[in-house]
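Peer 1: Structural data only, the sequence is not supplied:
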């Protein structure tokens, strides 16, 4: 067993390295991914070892990055493209939504689109405007795309491998404020299903469902609640499209209460869909309405306000209390 | 024209293009000389509107690329144009009869499409818009396959890899990036095939087209950008898209741009072959602007009489691409009346087949909604498919 402790950033780097080694058709593309190794150094050293033909610095043009990746996929390559920050994905949104997502269906299944779009996303690093957004619901809403986000180093390593192996386009959201969090990664493990939720902590009273950067907050909330005698189960969704509703349902049938937590605005967010579906599926099991904790219907605030904007321990625990009060 | 005079002109016209692929040094294209804001810039033309072969400074570099074209080849090009026009006309009629929801006619653009389409090799790859029916014809795509999306039974449907002809792309300009990426892959594979991206004058305003120019230039990709400047983007004239002739734009990106008479099938063939050869030699992208005219509406949904003058259309009618080749063939004895009669009969057969196939085209199965959304499957699609199937089945059970 090759278990090693590494940061999420390192795990992603190792994952890309493994993909480049395993399949000569895998390419890395993006702004500054070559010599610099990416602004977060996720592609550090890859161009040095695999060359400029495999790890490609691109012009500063997001639509061009995704559009040419589509062409390369049509030629038989498996491009993994990096969008430098969440807020910069929108120039590429047209190519992602009108082309990447639909190509397989338009060709009646004759062609595949194995493209991974990596996006460092969400807040908590004190960045300027357009560097802290959580646009995952905009992509999860689009048929033809798969949308995932790891919350820990092991998932970062394995989920990226699985995403690259997928014949469908995958939007791979990386929780940038967790890049430096370390965890055990077993690089020999048999990979699990990319879209299967994971019970991150077992509990009996309330289920907290989260993904990406908010899983850690929920685990901390569960630990704090435990001191007050409350037993919280934390489900790490991993995937926002598809959502593992069976996994959430199993947990809710046990705890009978659900709070969904994400950084993105609550209105029409991933949590809204989970609340609706779980209410349909678990109406007679629920002791309380499904509650949601997340961002506000406002632009992501300046860095000095982001601690107020981002759901923290207190807002999560407040929702737990409200759920238990029914 | 004498051999000497041709030779005297050639070096001047070739100076920029024979250099190695270094982007900046290749940036001085032969035909993109200092013309700005000219209303009627020089076109590469081999066949005048009167059907006469011409040799001049503008076409000297390109004429050798059709030196091998025989009279039989000319008849073949003529046949392609006639049958394509017939197919297009039939589709327009079918739309009027309610058999198609929409049609984008290529009327007037046959020479640009057949000339460029016949320049391609089998292993080249085509990225069309939604109007490249003539190019599809050249690729061997059954024309009735093009009608499915306009009838509303699919969004494309054909396998792009069968004829190296990608699906029609409706979002303006998107496919120029796909072509560029594909060409980047061709170069990585060490193949000597080329890629051609079709787009229109309106698309030249799109950011994606500019990004495709940038990417193809910096990666020196084997792609030919073939713009059919048909003068109108629905109701917007070219004055609303550009302030300098389109082909000159290539210069700023570091590759050659050429304006060709888009109603001259021979010139389109020559210039496209020239551009494809550059690509194959590793000299990177080329922009070809085929200066032509869309004789009909943008699609069957618009009414061109609301936005353009009859005199303009009439002036272009005199430049008809089919008529000029017919005049040439007749004047040179390249074809006789029997040939034209035979072709007319062949057109009738094609038209009849198109009508029959379209009317017999079955609606897709309802459950096709859920097919091919994902290659690897998706739990939500599976769930909704099962729910909808159960809902439909409930009617059969007599509820």
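Peer 2: Structure received. As the structure is a computational prediction, the values presented were derived from the model and not from experiment.

Peer 1: ranges for the strands of chain A?
Peer 2: Per DSSP state E, chain A carries strands over the ranges A:3-7, A:26-30, A:55-57, A:78-82, A:116-121, A:146-148, A:170-175, A:182-186, A:198-201, A:206-210, A:232-236, A:239-241, A:258-265, A:291-295.

Peer 1: With the stretch 251-399 of chain B instead?
Peer 2: B:257-261, B:286-291 (DSSP state E, counting those that start in this stretch).

Peer 1: would TSV of these with mean pLDDT be doable?
Peer 2: Conversion of the strands of the stretch 251-399 of chain B to TSV gives the following (pLDDT from 0 to 100):
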stretch	mean pLDDT
strand B:257-261	98
strand B:286-291	98
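
Peer 1: Of those strands, which is nearest chain A?
Peer 2: Ranking these by proximity to chain A (C-beta to the nearest C-beta) places strand B:286-291 first, at 16.5 Å. For every residue, glycine as well, the C-beta is placed using N, CA and C.

Peer 1: Need the residues that contact that closest one.
Peer 2: Residues from elsewhere that reach strand B:286-291, judged by C-beta atoms under 8 Å, 6 or more residues apart in numbering or on different chains: B:29, B:43, B:109, B:112, B:115-116, B:213, B:224-229, B:245-247, B:249-250, B:255-262, B:268, B:271-272, B:274-275, B:278-279.

Peer 1: Now do that strand: distance to the chain's middle.
Peer 2: 11 Å (C-alpha atoms, centre = their mean, to the nearest Å).

Peer 1: partners of that strand, with directions?
Peer 2: strand B:223-229 (parallel), strand B:257-261 (parallel) (DSSP bridges).

Peer 1: just to revisit the earlier point, using TSV, lay out the strands of the stretch 251-399 of chain B together with mean neighbour count.
Peer 2: Compiled in TSV, the strands of the stretch 251-399 of chain B are given as follows (neighbours: other C-beta atoms under 10 Å in any protein chain shown):
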stretch	mean neighbour count
strand B:257-261	28
strand B:286-291	29
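
Peer 1: can I get those strands in JSON lines with distance to residue B:148?
Peer 2: What follows is the strands of the stretch 251-399 of chain B, written out as JSON lines (distance: least, C-beta to C-beta, whole Å):
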{"stretch": "strand B:257-261", "distance to residue B:148": "32"}
{"stretch": "strand B:286-291", "distance to residue B:148": "27"}
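
Peer 1: wait, doesn't residue A:272 sit right on residue A:266?
Peer 2: Yes. The pair residue A:272 / residue A:266 is scored as a contact, 7.2 Å apart, by C-beta atoms under 8 Å.

Peer 1: who touches both of these two?
Peer 2: The contact sets of residue A:272 and residue A:266 overlap at residue A:292 (C-beta under 8 Å, 6+ apart).

Peer 1: So between those two, which is more surrounded?
Peer 2: Taking neighbours as other C-beta atoms under 10 Å in any protein chain shown, residue A:272 and residue A:266 compare with residue A:266 leading, 20 against 17.

Peer 1: isn't that one right up against residue A:274?
Peer 2: No. Between residue A:266 and residue A:274 there is no contact under C-beta under 8 Å: 11.5 Å.

Peer 1: can you list the weak-confidence ranges in the stretch 51-200 of chain B?
Peer 2: The model of the stretch 51-200 of chain B has no residue with pLDDT under 70.

Peer 1: What parts of the stretch 1-150 of chain A come near chain B?
Peer 2: A:53, A:58-59, A:61, A:63-64, A:66-77, A:91, A:94-95, A:98-99, A:102-113, A:143-144, A:146 (C-beta under 8 Å from any C-beta of the partner chain).

Peer 1: ChimeraX command for the buried members of those?
Peer 2: Those of the residues of the stretch 1-150 of chain A next to chain B that count as buried under 16 or more other C-beta atoms under 10 Å in any protein chain shown are selected in ChimeraX with:
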select /A:58,61,63,64,66,67,68,69,70,71,72,73,74,75,77,91,94,95,99,102,103,104,105,106,107,108,110,111,112,113,144,146
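
Peer 1: In helices only, show me the residues of the stretch 1-150 of chain A next to chain B.
Peer 2: A:63-64, A:66-74, A:91, A:94, A:103-106 (DSSP state H).

Peer 1: And the helices in the stretch 151-300 of chain A, which stretches?
Peer 2: In the stretch 151-300 of chain A, the segments counted as helices under DSSP state H, counting those that start in this stretch are A:153-165, A:214-227, A:245-255, A:270-282.

Peer 1: Return the distance of residue A:212 relative to residue A:5.
Peer 2: Distance of residue A:212 to residue A:5, given as C-beta to C-beta, to the nearest Å: 21 Å.

Peer 1: ok, the two, which is more surrounded?
Peer 2: residue A:212 (28 against 10).

Peer 1: Contact partners for the more buried one?
Peer 2: Contacts of residue A:212 by C-beta under 8 Å, 6+ apart are A:121-122, A:149-151, A:173, A:175, A:178, A:262-263.

Peer 1: coming back round to it: show me the one of the strands of the stretch 251-399 of chain B that comes nearest residue B:167.
Peer 2: Closest to residue B:167 of the strands of the stretch 251-399 of chain B is strand B:286-291 (C-beta to C-beta; 21.9 Å).

Peer 1: Residue B:389 is in contact with residue B:366, isn't it?
Peer 2: No. If you go by C-beta under 8 Å, residue B:389 and residue B:366 don't touch, sitting 9.1 Å apart.

Peer 1: okay, those two: which has more neighbours?
Peer 2: Using other C-beta under 10 Å as the criterion, residue B:389 and residue B:366 rank with residue B:389 on top: 13 against 10.

Peer 1: Neighbours of the closest residue to the more buried one other than its chain neighbours, how many?
Peer 2: Among residues not flanking residue B:389 along the chain, residue B:367 sits closest, at 6.7 Å (C-beta to C-beta, 6 or more residues apart in numbering or on different chains). Neighbourhood size, residue B:367 [other C-beta under 10 Å]: 11.

Peer 1: Kindly provide the distance from residue B:367 to residue B:387.
Peer 2: 12 Å.

Peer 1: what does the stretch 51-200 of chain B put close to chain A?
Peer 2: Close to chain A, as judged by C-beta under 8 Å from any C-beta, the stretch 51-200 of chain B has residues B:127, B:154-161, B:166-167, B:169, B:171, B:174, B:176-186, B:188-189.

Peer 1: Next, the contact list for the most centrally placed residue in chain A, please.
Peer 2: The centre of chain A sits closest to residue A:149, judged by C-alpha atoms, centre = their mean, with a distance of 1.5 Å. The contact partners of residue A:149, by C-beta under 8 Å, 6+ apart, come to A:121, A:136, A:172-175, A:211-212, A:238-240.

Peer 1: Residue A:42: which of the residues you listed is nearest?
Peer 2: residue A:174 (7.5 Å).

Peer 1: The closest one contacts residue A:156, doesn't it?
Peer 2: Yes. Using C-beta under 8 Å, residue A:174 is in contact with residue A:156, at 7.3 Å.

Peer 1: Do you have the helices of chain B handy? List them.
Peer 2: B:3-14, B:71-96, B:110-117, B:133-139, B:148-151, B:160-163, B:174-189, B:207-218, B:249-253, B:265-280, B:310-317, B:321-332, B:337-360, B:379-396.

Peer 1: returning to what we had before: which one of the contacts of residue A:149 is nearest to chain B?
Peer 2: Nearest to chain B among these is residue A:239, at 9.1 Å by C-beta to the nearest C-beta.

Peer 1: State the number of residues packed around the closest one.
Peer 2: Neighbours of residue A:239 using other C-beta under 10 Å come to 23.

Peer 1: which residues touch the nearest residue to it once chain neighbours are set aside?
Peer 2: Excluding the flanking residues, the one nearest residue A:239 by C-beta to C-beta, 6+ apart is residue A:195, at 4.0 Å. Residue A:195 sits next to A:146, A:148, A:238-239, A:242, A:244, B:379 when contact means C-beta under 8 Å, 6+ apart.
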